[in-house]
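Visitor: Below: sequence and its predicted model.
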Amino acid sequence: MKTNLLSLTLIALFSSSVMANSGMSIKDIRTVEDVQDIRNKIIFRMTEVLNTENLSEDKVMILEKRIELLSNKPLPTQEQIDWRVENPLDFHSLKQKKDKLKRDLRIKIFRHFRNNRQLVG
């Protein structure tokens, strides 16, 4: 269930350009059909880019893989969508947690190298 919620969230985040063109936003997702519509629009847009633009082989492979993964991904249940609507993501607190983790990791690495240098030197 968590993976489906995560996938729904990631799809919504990475599809911002498609949703900007369609007039639909993450807040508008209320049903499984809304998710399917958004996925179809994303796949259609990626297919258009794949067919119209002159892309390198790497980018073509990446786009084809993304289209395949998105096409085969199971849809979330209505219960999962309802839960996400009731419990929206707080991006501000997520960014703060990420920044704190980065800071803590830098401090830990610095202390590790400082302690190892004292032992060797």
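Guide: Now that the structure is in, tell me what you want to look at. Numbers count the residues shown, from 1 in each chain.

Visitor: can you pull the contacts of the residue lying closest to residue 78 once chain neighbours are set aside?
Guide: Spatial nearest neighbour of residue 78, chain neighbours left out: residue 32 (5.8 Å); criterion: C-beta to C-beta, 6 or more residues apart in numbering. (Each C-beta comes from the backbone N, C-alpha and C, glycine too.) Contact analysis of residue 32 by C-beta atoms under 8 Å, 6 or more residues apart in numbering lists 75, 76, 77, 78, 81.

Visitor: Next, count neighbours for the fourth one.
Guide: The number of residues packed around residue 78, counting by other C-beta atoms under 10 Å, is 13.

Visitor: Ok, the first one next?
Guide: Residues near residue 75, counting by other C-beta under 10 Å, number 15.

Visitor: likewise residue 76?
Guide: 22.

Visitor: Hmm, it is touching residue 33, no?
Guide: No: between residue 76 and residue 33 there is no contact under C-beta atoms under 8 Å: 11.6 Å.

Visitor: list the contacts for residue 28?
Guide: Taking C-beta under 8 Å, 6+ apart as the criterion, residue 28 is in contact with residue 34.

Visitor: mind exporting stretch 95-111 as CSV, just the C-alpha atoms?
Guide: C-alpha atoms of stretch 95-111 as CSV (Å, rounded to 0.1, in the frame of the first residue of the first chain):
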residue,chain,number,x,y,z
LYS,A,95,12.5,19.6,3.0
GLN,A,96,13.5,20.5,6.6
LYS,A,97,14.0,16.8,7.5
LYS,A,98,16.1,16.3,4.4
ASP,A,99,18.3,19.4,5.1
LYS,A,100,18.7,18.2,8.7
LEU,A,101,19.8,14.7,7.5
LYS,A,102,22.3,16.2,5.1
ARG,A,103,23.7,18.4,7.9
ASP,A,104,24.0,15.5,10.3
LEU,A,105,25.7,13.4,7.7
ARG,A,106,28.2,16.1,6.9
ILE,A,107,29.0,16.5,10.6
LYS,A,108,29.3,12.7,11.0
ILE,A,109,31.7,12.5,8.0
PHE,A,110,33.8,15.4,9.3
ARG,A,111,34.1,13.9,12.8
